[in-house]
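1. show me how the following folds:
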Amino acid sequence: LASAFTFDQPVTESGLLTRTEFETFGIAPKVTVDLSEDWTLEILGFYGTDKTDGVARIFAGGAQTGTGVRVYDNRNFSIEAGLQGALFALPAGSVRIAAGAGYRSSVFDARLDARTIERVRKNYFAYGELFVPVTSPEQGIALAHRTSLTGALRYEDNSDSGDVVTLKLGFIYEPIAELTFGISWGKSFKLPTLIQQYSGYAAVLAPVGGFGQGFPPGSTLAVALGASEMLGPERSENWTFSATARPAANLELSASYFHIDYTDRVAPPLVSSAGVLNNPVFADLVTFNPSAAVLDALFSGANGGLQNATGAPYDPSRVVALLDARSRNIAQQTYSGVDVSARYDLSFGDDRRLSLSLGGTWMDSTQRLLPGLPVTELAGTIFFPPHLRARAGATFATKRISLSSFVNYTGGVTDNRRPTQPQLSSFTALDLTARLSLGHGTEIAFNALNIFNEKPEPIFTAAAFDTPFDTTNYSAVGRFLGLTIRHDW
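-> Below is the predicted model:
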């Protein structure tokens, strides 16, 4: 992988050349035991390794000025036992339970240049889920064709964050067979990954350029990017309301509203650093006129030391700001929106079927980066999901052949990183898929994705090593043709 630090020079003049090799292994045995007609015991295990060797060569002034070595040897082990079955019978049916417990350990073993890091996270967990039928079709109750309650509880004891209990509740109400309403509420808890915490950070010295305006010529900026050992767990609270209608035998219509509140979500504070030095929203991330001692401490703790992207010798007196863009716990993020879909199935006999589908999502989202800072809009802005996504498709299938065509639409977004805020165009891609079953477990599939070779719109970049398009919403792959041969034994 080559990353140039300047627009007009080759990477070996000023840039970063990286070589990385990966090797993964995993085994996941599973044993299922039918204890009785109603009860089942399941035991699952997993052991896996993930090895990565990487070497980065840093160039400045046409010469190699540094080497960064990253070697990871990570291991994961887990074992879990679960039991499910019927507890007792009610007039509407059996009350069912699923419960289990397990243990998981993750080992993060890394050599980052001269530093060796080994961290072990141990996790004990237990869970239970209860399904309670309230009414059923067999009871013949008017306007209560089917209703049910669900509840789930999960307990986790983590070696590096203590214990936590999360709860989820759900209710399904089906007044008639053709109409279903649902509501669910729940809380969730997620630890930062060991990579997010302990893989180290990079320190880059770059020209101020697109990072900000109003600085003397020749000014530079120090940027810290990557992991942070100060990360804590993230939590969320979720609400979902849904409705599904089946007005005809072959037609299904559905709509749902979702609302998710994230607290302390782990994420980089910036998806793009363009204009960051002049944006008051990010003032807490910037230290202006840092001392030489502060800069030395930053560079000495970084993987590979200082990566000088200026094309000139490092001069601490020219560094006008230090930008700390390492991952952190975002104070608050809120996502809400509506999902709608429609599906119509036709059968022509002789196992020939045609399925038509249409779906879309409208979403709003906001973020408060740090406590006390204002709330900012996320949805519809660059590097965050657009307000609207939609997908329409048709699939024709027989016993041996399946032909599918899908149109995917991604709405446009606003590039709000600078005072002038251009609108980026929407993105529409056409995909085709054909599958042929040869019998005896053999299948051939052909995929043609983004047939018209739609390209993402170029965007402003603060530095030569920035990706010149919105990587969250658009792909640089372009037209893609694929052939897959599969055989099941």
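
2. direction included, what does the biggest strand by length in the chain pair against?
-> In the chain, taking DSSP state E as the definition, the longest strand is strand 63-90. In the sheet, strand 63-90 lines up against strand 40-60 (antiparallel), strand 93-112 (antiparallel) (DSSP bridges).

3. do you know which of those strands lies nearest residue 276?
-> Nearest to residue 276 among the strands paired with strand 63-90 is strand 40-60 (23.5 Å), distances taken as CB to CB. For glycine as for every other residue, the C-beta is placed from the backbone atoms N, C-alpha and C.

4. in the closest one, what's buried?
-> 44, 50, 54, 56, 57, 58, 59, 60 (16 or more other CB atoms under 10 Å).

5. ok, stretch 253-264 next?
-> Those would be 253, 254, 256, 258, 260, 261, 262, 264, for stretch 253-264 by 16+ other CB under 10 Å.

6. same question, stretch 211-231
-> For stretch 211-231, by 16+ other CB under 10 Å, it's 211-212, 215, 219-228, 231.

7. so residue 101 makes contact with residue 83?
-> No: counting by CB atoms under 8 Å, residue 101 stays clear of residue 83, with 9.7 Å between them.

8. circling back to that earlier point, from the buried residues of stretch 211-231, which land in strands?
-> Going by DSSP E, the strands hold 220, 221, 222, 223, 224, 225, 226 from the buried residues of stretch 211-231.

9. export these as JSON lines, with columns for pLDDT and distance to residue 27.
-> Below are these laid out as JSON lines (pLDDT from 0 to 100; distance: CB to CB, whole Å):
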{"residue": "220", "pLDDT": "95", "distance to residue 27": "50"}
{"residue": "221", "pLDDT": "94", "distance to residue 27": "47"}
{"residue": "222", "pLDDT": "95", "distance to residue 27": "45"}
{"residue": "223", "pLDDT": "94", "distance to residue 27": "41"}
{"residue": "224", "pLDDT": "94", "distance to residue 27": "38"}
{"residue": "225", "pLDDT": "92", "distance to residue 27": "35"}
{"residue": "226", "pLDDT": "90", "distance to residue 27": "31"}
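
10. a markdown table please, covering the residues you listed and showing distance to residue 152.
-> Shown next, in a markdown table, are those (distance: CB to CB, whole Å):
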| residue | distance to residue 152 |
| --- | --- |
| 220 | 53 |
| 221 | 48 |
| 222 | 47 |
| 223 | 43 |
| 224 | 40 |
| 225 | 38 |
| 226 | 36 |
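
11. quick one: low-confidence ranges for the protein?
-> By pLDDT under 70, the chain contains no weakly predicted segment.

12. show me where it has helices.
-> Under the criterion DSSP state H, the chain contains helices at 194-198, 292-300.

13. now stretch 274-286: buried residues?
-> 274, 275, 276, 277, 279, 282, 285, 286.

14. re the thing from before, out of the buried residues of strand 40-60, which is nearest to residue 332?
-> Among the buried residues of strand 40-60, residue 50 lies closest to residue 332 (CB to CB), at 32.4 Å.

15. list the residues that contact the residue nearest to that closest one when sequence neighbours are not counted.
-> Among residues not flanking residue 50 along the chain, residue 74 sits closest, at 4.5 Å (CB to CB, 6 or more residues apart in numbering). Residues near residue 74 by CB atoms under 8 Å, 6 or more residues apart in numbering: 49, 50, 51, 106, 107, 108, 109, 194.

16. how close does the fifth one get to residue 74?
-> Using CB to CB, to the nearest Å, one obtains 6 Å as the distance from residue 107 to residue 74.

17. repeat that for residue 291.
-> In terms of CB to CB, residue 291 sits 37 Å off from residue 74.

18. same check on residue 332?
-> 31 Å.

19. and residue 439, by the same measure?
-> 42 Å.

20. ditto for residue 455
-> From residue 455 over to residue 74 the distance is 36 Å, taken as CB to CB.

21. try residue 489
-> For residue 489 relative to residue 74 (CB to CB), the value is 31 Å.

22. which residues touch residue 329?
-> Residues in contact with residue 329 (CB under 8 Å, 6+ apart) are 231, 232, 234, 264, 265, 266.

23. can you put the residues you listed in a markdown table and add distance to residue 202?
-> Listed next are the contacts of residue 329 as a markdown table, based on distance: CB to CB, whole Å:
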| residue | distance to residue 202 |
| --- | --- |
| 231 | 17 |
| 232 | 22 |
| 234 | 23 |
| 264 | 24 |
| 265 | 22 |
| 266 | 18 |
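
24. now, among those residues, which is nearest to residue 155?
-> If you rank those by distance to residue 155 using CB to CB, residue 234 comes first, at 18.0 Å.

25. for the stretch 251-400 of the chain, which segments are assigned as strands?
-> Counting by DSSP state E, counting those that start in this stretch, the segments of the stretch 251-400 of the chain that form strands are 251-267, 286-288, 306-308, 319-326, 328-347, 353-368, 376-377, 388-397.

26. how many residues are close by the nearest residue in space to residue 437 that is not next to it in sequence?
-> Leaving aside its sequence neighbours, residue 437 sits nearest to residue 400 (CB to CB, 6+ apart; 4.7 Å). By other CB atoms under 10 Å, 12 other residues sit near residue 400.

27. for residue 400, what are its contacts?
-> 436, 437, 439.

28. make a ChimeraX selection of whichever of the residues you listed turn out to be buried.
-> Buried subset of the contacts of residue 400, written as a ChimeraX selection, criterion 16+ other CB under 10 Å:
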select :437
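
29. can I get the contacts of residue 400 in TSV with distance to residue 95?
-> Shown next, in TSV, are the contacts of residue 400 (distance: CB to CB, whole Å):
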residue	distance to residue 95
436	46
437	42
439	44
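
30. nearest to residue 243, of the contacts of residue 400?
-> Nearest to residue 243 among the contacts of residue 400, with distances taken as CB to CB, is residue 437, at 36.6 Å.
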